[in-house]
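>>> Generate coordinates for the sequence data below:
(2 chains)
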Amino acid sequence: MRYLPLTDDDRRAMLARIGAASVDDLFRDVPPAALSDATPGGGFDALPDHATEMAVERDLAALAARNTTAGSVPSFLGAGAYRHHVPAAVDHLIQRGEFLTAYTPYQPEVSQGTLQYLYEFQTQVALITGMEVANASMYDAATGVAEAAAMACRVTRRKRVLLSGRLHPHYRAATETFLRYTDIETEALDPDPMAVEDLIGRVNPGTACVVVQNPDFFGRLSDLAALADACHAEGALLIVAVAEPVSLGLVTPPGAMGADIVVAEGHAIGSPLNFGGPGVGLFATRKKFVRHMPGRLAGETVDEDGRRGWVLTLSTREQHIRREKATSNICTNSGLIALAWTIHMTLLGEAGFTKLARLNHMKAVELVEHLETVPNLKVVTPTFFNEVLVRLPGHGAAAIVETLAEKGLLAGVPLSRFYPTYPELADGLLVCATETTESADMAALAAALTEALR
Amino acid sequence: MSPATPTPTLTGNRGLHIEEPLIFEQGHPDKCGVDLPEPADKPDRLGGLARSGPIGLPGLSEPEVVRHYTRLSQKNYAIDSGFYPLGSCTMKHNPRLNERLARLPGFADLHPFQPEATVQGALAVMHRLSAWLLGLTGMEAVALSPGAGAHGELCGMQAIRAALDARGDDGRRVVLVPDSAHGTNPATAALCGFRVRGIPGDARGRVDLAAFKAALDDGVAGVMLTNPNTCGLFETDILALSEAVHAAGAYFYLDGANFNAIVGRVKIADLGVDAMHINLHKTFSTPHGGGGPGAGPTVLSPALAPFAPLPYVVHDGAGYRLVEHVEGNARPFGRMKGFHGQFGVFVRALAYIMSMGRDGLHRASGDAVLNANYLLARLGEALTPSFEGPCMHEALFDDRFLKGTGVSTLDFAKAMLDEGFHPMTMYFPLVVHGAMLMEPTETESRDSLDAFCDAVLALAAKAKAGDAAFFTHAPRHTPRRRLDETRAARHPVLRWEPPAPTRAAE
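Predicted coordinates for the structure are as follows:
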C-alpha cells in the first residue's frame, strides 16, 4: 500500500512502546457493537480492496473517455461557466507542493507565500470590481451572493432581501436556501427576459439589499447607477453579482456604478471548467463594511525585526473565535483556485486583461452576426458582453440542443434546464462566445441551427 | 543565545530565502505574460457601458511571473516538505495520481450544462463516489454538493430543520453542542435558526452523559457531536447518547472532521447518526491548497434522506441522470451551491478511495491511531497529556508542563518552526489550558515521528531548564519572525495602494 510508510516491524515496535497488544486494541474505546469488522456477516465486505496506480488510472481514464469534452467540439455554453484559455504556467505553478499541500496559513512565519498571494489577490479583486476591499475568497459566486445578502442584513439591521429575476438561478436558489431558516425574508422576482424589471419601485425602508447581476443571466448589460441611488436613498445596499469575471476588463465595474458589495465567480480565470467546480467566489465591498464581511482576510503587518509581512487578520469576525455570533460559518474557502486566478490575472496584467475582455466581446458581436442570418431565430439581448439569449419560436430549445449535440456541437444552454415550470421560456437558448471560439465554429452553429429550425 | 536576529545580509535575502516584492511593485504597463490575437474592430454592443480609465493592474512577463510565484512558494511550509501535525486538520499525503486524473480533459474540460448524454462518465464518477461513501458509512443517502466541512454541517443541520418543519414540529429550536466542539458547529446551528446550549465534558474528556441527558428536553432539535471528539477520544457513551437523542425526539448530527480515525472500522449508521459531513480534503487525501477548495459531502439517515439538497445523481435504465429539480417523493430543502458541487475534488477523492480500497482504508485508520498513540507514549514522558489513552487519531496535550517556565504554548510552537516542524494545533480545543493537539496521520513514517519526538522532547527540556528567551523570541530562522497580529487588526491594511506621489498625480 503505497501511501502507508509503516512496516510490520514498525508497528510491532511502536505497539511495544505504547504497551498495546495490537492495533485493534487501540480501538478498545469503541463499543464492540459499533465495530463493523467485529460484526459477523456485516462490515465492508461488498467494497473492493486496494488497487494499483495503474489500475485506478485505467479505470478512471475509461470514465473520462465516456465524456465529450467542451474543447473537442464547437461549444457555445455559458450560463455562469465560461471556457477560457488558461496559460500553461498557471497549472504548473499551482501544483508546486508548497502551495498545493499547505494548510490555511495559521502559522504566518512559515506561510508568507500563501499570505502574500492572498493579499495580491485581494488587491486585484478590489481593482477590477472597482471596490475598496476584498476578502481571500468564498466557495463560489452562488454561496458568495448568499453570504453577501446576509452581510447586508447585518450592515443595515434589516431583514428583507430583494432578488432580481435576472440573477443566475443557482445564485438565487443558493441564497434562498442559505437564508431559509434565518429570520431574513427573501423576495425573488420572476425570470422575464423580455421585460424591464422595476426594482427601484420595490425598494422601501425595510429593504436590506437588492441583488442584481451584470451582465444578467440573460446576457444583458445594464447601467445600475440609478438603482444604486434608489437603494442608497432608502438606506439599502446594492449587491452586484458577476458571473463572467472577464467582463470586468471592458465593462464599467459595479463599484463605479455604486455597488456596495460585489460578488463574482472567478473560476473562468485560471481554472478549467471542471464540470462546474471547484470555483472561487470573489467578494468585495466598501472599507466601512469590512468588519461585517465574511471569510478570511490577509492583512499587512511587520515582524519582530520590523520587516513587512502578512497575517490573517480581523479574525474576531470568524467562527473559530466568535462561534455562534460569527459573521459566517465559513472555514475552508477556495485558496488554490484563488491562486490560479491571481496567477492568470498577473500573467494578463492590465494590457492582457483588457485585451482579453475586448476579444471576448468582439467574438460575441461576430457570433450575433452569424446568428442573425438564421431564419426563425431572434437574438433578444440588446446590450451584452460575451453571451446572448436567443429565442427559437415554435421550438423547444432543449430538443434542439440534444439534436445538435448528437452532431457534435454544443449549441448553448436551454433556459428550460433552469425554469422547467415556465413553458414560455422553453424556446430560450443562451449562447456564448469566448476567445476560444473560432469563426468557423460560429458558421457551423448558424448552419446547424438553420437546418434544425427549418 | 541572544534574542537578536542573525547578522543581516546586504540585500536582505538570506540564501534560499529571497525577498520578493508585490506584483504591484515590479510590474510595468507595457509588459504582458500572455500573447492574444488581435480583437476584431467592430462597433461594440456595450450600450455605452465601456470602462473608462485604467484599472491599475501591473504587467509582468511570463518568466517574471513564474519566478514571483516560485519564490512565494518557497516561503511556505507544506506536507510535501515536512511533518505537519495540525490536529483536527488531517494533513496527510496528497497522492499525485489524484492530481493527474482530475486533469484528464475528460474530467477537467467539461461544461456543467452539457447535455447529460455527453457527461455520462462524469455522472458515473459522482455516482461511484456516492456509493463508496454510503458503503463506508452505512447511511441512506448522500448530498455531494457542500463545498467544505462547514458547508456540510449546514447541509446536515438544514436537513434536520426541514425534517422538523415537515412534521410540523416548530417547538424545537435548541441544539446541544459540547464545549469542545469546532467553532463551525455553533456558527452553523445559528444559521439554521437554532440556539446553542453548551454541554460540559467530564474528567475523561468525553461528553458528560448525565449532563447531556439532563439538557435534553422537547425543545431540543438535535445535537452536534464530533466523534472521535476534538480531544482525540472516542465517545465511549455514544450509543447511549444517540439513543437518548432519538428518545427525546431529536436528531443526531455527527461532525465528521475526524472520520479518518475510524474509516473502514465503524459504520456511522451503527452509531445512530442522522447526518454527518465528510471532509474529502481530510479523510480522503485531497489537497488543502493553502485553505481550500475542500468538499463536504453529507451522508443522511433514512429519516433525513428525503430532504437532501439538489442536485443529485441517479442511475436508471437510461444511464445516469442529474436531478436538478424536485421530482418524485423527494422534498429537497434547496440548493447549496452553484453547478454540481466540487467535481474536481470528487475525482481526486475517488482516485484515493479506489487506490486504498476497503483493506487499505482499514489499515490507514489503524496506522493513524497507532501513530498518534506513539506520539502520546513518547511525548507523554515530558509533556502533559490532557487525558488518559489510548487516543484515536490525535493526541492532546496541555501547557501544565510549561508551568513556571515563562514559555507559553504559542512560544513553544514558534520554537518548533525553527526546528523545521510545523506546530500542532494550538489553543484548541478550548476545554484544556494551552492546548496542543497533534495529529500525525498514517502517512508519516516511524523515522519521521521519532525525529519530531526527539525535537519536541529537547525543546521541553530546554523550556524546563529555564531558557525562556530561546522561546519567546522564536522563530529566528523562518522567512519572517513573529508577526504583529495586533497591529494588523488595529490598523487593517487589506490591499496594496499606489504610493502617495502617484495618487497625487491622478
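>>> can you count the residues close to residue 407?
Chain wasn't specified; assuming chain A. For residue A:407, the tally of surrounding residues (other CB atoms under 10 Å in any protein chain shown) stands at 12. Placement of C-beta: from N, CA and C, glycine included.
>>> let's do chain B instead
The criterion is other CB under 10 Å. On that basis, residue B:407 has 27 neighbouring residues.
>>> so it touches residue B:474, yeah?
No: the pair residue B:407 / residue B:474 is not scored as a contact, 9.7 Å apart, by CB atoms under 8 Å.
>>> Local confidence estimate at residue B:57?
At residue B:57, the predicted lDDT confidence score is 97.
>>> Identify the residue nearest it in space, chain neighbours excluded?
Spatially, and ignoring its direct neighbours in sequence, residue B:57 is nearest to residue A:350 (4.2 Å; CB to CB, 6 or more residues apart in numbering or on different chains).
>>> Please identify the helix or strand for the one you found.
With the criterion set as DSSP states H and E, the secondary-structure element containing residue A:350 is helix A:335-371.
>>> list the contacts for the closest residue in space to residue A:200 that isn't next to it in sequence?
Once its chain neighbours are removed from consideration, residue A:200 has its nearest residue in residue A:230; the separation is 4.3 Å (CB to CB, 6+ apart). Under the criterion of CB atoms under 8 Å, 6 or more residues apart in numbering or on different chains, the contact list for residue A:230 reads A:199-200, A:203.
>>> for residue A:318, same thing?
Residue A:318 makes contacts with A:296, A:326-328, A:330, B:183, as judged by CB under 8 Å, 6+ apart.
>>> Could you pick out the residues of the stretch 351-454 of chain A near chain B for me?
Within reach of chain B by CB under 8 Å from any CB of the partner chain, the stretch 351-454 of chain A has these residues: A:351-356, A:358-359, A:361-366, A:368, A:382-385, A:401-402, A:405-406, A:410, A:413, A:417, A:420, A:435.
>>> Pull out the buried members of the residues you listed.
Taking 16 or more other CB atoms under 10 Å in any protein chain shown as the criterion, what is buried in these is A:351-356, A:358-359, A:361-366, A:368, A:383-385, A:401-402, A:405, A:410, A:413, A:417, A:435.
>>> Pick out the residue in the stretch 101-250 of chain A sitting closest to chain B.
residue A:177 (2.9 Å; CB to the nearest CB).
>>> which ones are touching that residue?
Residues in contact with residue A:177, defined by CB under 8 Å, 6+ apart, are A:146, B:158, B:309, B:333-336.
>>> if you set the cut-off to 6 Å instead, what comes out?
Listed by CB atoms under 6 Å, 6 or more residues apart in numbering or on different chains, the contact set of residue A:177 reads B:334-336.
>>> max-length helix in chain B?
Counting residues, the longest helix found in chain B (DSSP state H) is helix B:343-379.
>>> does chain A sit close to the following helix or strand past that helix?
Past helix B:343-379, further along toward the C-terminus, the next helix or strand under DSSP H and E is strand B:384-385. No: using CB under 6 Å from any CB of the partner chain, strand B:384-385 never reaches chain A; the gap is at least 12.6 Å.
>>> So which residues make contact with strand B:384-385?
Here strand B:384-385 makes contact (CB under 6 Å, 6+ apart) with B:376, B:397-398, B:400-401.
>>> quick one: strands adjacent to the very next helix or strand once past that strand?
Once strand B:384-385 ends, the next helix or strand along the chain (criterion: DSSP H and E) is strand B:395-398. For strand B:395-398, the pairing partners within the sheet under DSSP bridges are strand B:384-385 (antiparallel), strand B:436-438 (antiparallel).
>>> mind listing what the spatially most central residue of chain B touches?
By CA atoms, centre = their mean, the mean C-alpha position of chain B lies nearest to residue B:89, the distance being 5.4 Å. Listed by CB under 6 Å, 6+ apart, the contact set of residue B:89 reads residue A:103.
>>> So it: helix, strand or coil?
Under the three-state scheme (DSSP: H, G, I helix; E, B strand; the rest coil), the conformation of residue B:89 reads as coil.
>>> Run through the residues that contact residue 312.
Answering for chain A, as no chain was given. Shown in contact with residue A:312 (CB under 6 Å, 6+ apart): residue A:296.
>>> To clarify, I was referring to chain B.
Contact criterion CB under 6 Å, 6+ apart gives residue B:323 as the residues in contact with residue B:312.
>>> Report the beta-bridge partner residues of it.
Under the criterion DSSP bridges, residue B:312 forms beta bridges with residue B:323.
>>> What lies in contact with stretch A:8-18?
B:370, B:373-374, B:377, B:446.
>>> For chain A, tell me which of these show up nearby.
Counting by CB under 6 Å from any CB, the subset of those that neighbours chain A consists of B:370, B:373-374, B:377, B:446.
>>> Pipe those into CSV and attach neighbour count, distance to residue B:484 and pLDDT per row.
Output for those, formatted as CSV (neighbours: other CB atoms under 10 Å in any protein chain shown; distance: CB to CB, whole Å; pLDDT from 0 to 100):
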residue, neighbour count, distance to residue B:484, pLDDT
B:370, 26, 41, 98
B:373, 28, 38, 98
B:374, 26, 37, 98
B:377, 21, 38, 98
B:446, 19, 39, 98
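>>> about what we covered before: so how far is the next helix or strand after the helix holding residue A:350 off the chain centroid?
The C-terminal neighbour of helix A:335-371 among helices and strands, as given by DSSP H and E, is strand A:378-379. Once both centres are worked out by CA atoms, centre = their mean, to the nearest Å, strand A:378-379 turns out to sit 28 Å from its chain's centre.
>>> what helices or strands is the next helix or strand after strand A:378-379 leaning on?
Following the chain from strand A:378-379 toward its C-terminal end, the next helix or strand by DSSP H and E is strand A:387-391. If contacts are counted by 3 or more CB pairs under 6 Å, 6 or more residues apart in numbering or on different chains; DSSP states H and E, strand A:387-391 sits against strand A:378-379, strand A:428-432.
>>> Check the ones you listed for me and report the most buried one.
Highest mean neighbour count of the helices and strands packed on strand A:387-391: strand A:428-432, a mean of 26 (counted as mean count of other CB atoms under 10 Å in any protein chain shown).
>>> Starting from it, tell me which strands it pairs with and how they run.
Going by DSSP bridges, the partners of strand A:428-432 are strand A:387-391 (antiparallel), strand A:413-414 (antiparallel).
>>> Between strand A:387-391 and the helix or strand that it is followed by, find me the angle.
Along the chain past strand A:428-432, the next helix or strand (assigned with DSSP H and E) turns out to be helix A:439-452. Here helix A:439-452 runs at 10 degrees with respect to strand A:387-391, directions being taken by axes from the mean of the first three to the mean of the last three CA atoms, to 10 degrees.
>>> got the angle for helix A:439-452 vs helix A:335-371?
Helix A:439-452 and helix A:335-371 are oriented at 60 degrees to each other (the same axes, to 10 degrees).
>>> How about helix A:439-452, which residues are buried there?
Of the residues in helix A:439-452, those scored as buried under the neighbour-count criterion (16+ other CB under 10 Å) are A:441-442, A:444-446, A:448-449, A:452.
>>> Next: stretch B:149-164.
Judged by neighbour count using 16+ other CB under 10 Å, the buried positions of stretch B:149-164 are B:149-164.
>>> so which of these are also by chain A?
With respect to chain A, and counting by CB under 6 Å from any CB, the subset of the buried residues of stretch B:149-164 in contact is B:150, B:161.
>>> Is stretch B:257-274 positioned near chain A?
Yes: counting by CB under 6 Å from any CB, chain A has neighbours in stretch B:257-274: B:266-267, B:270-271.
>>> Understood, closing this out.
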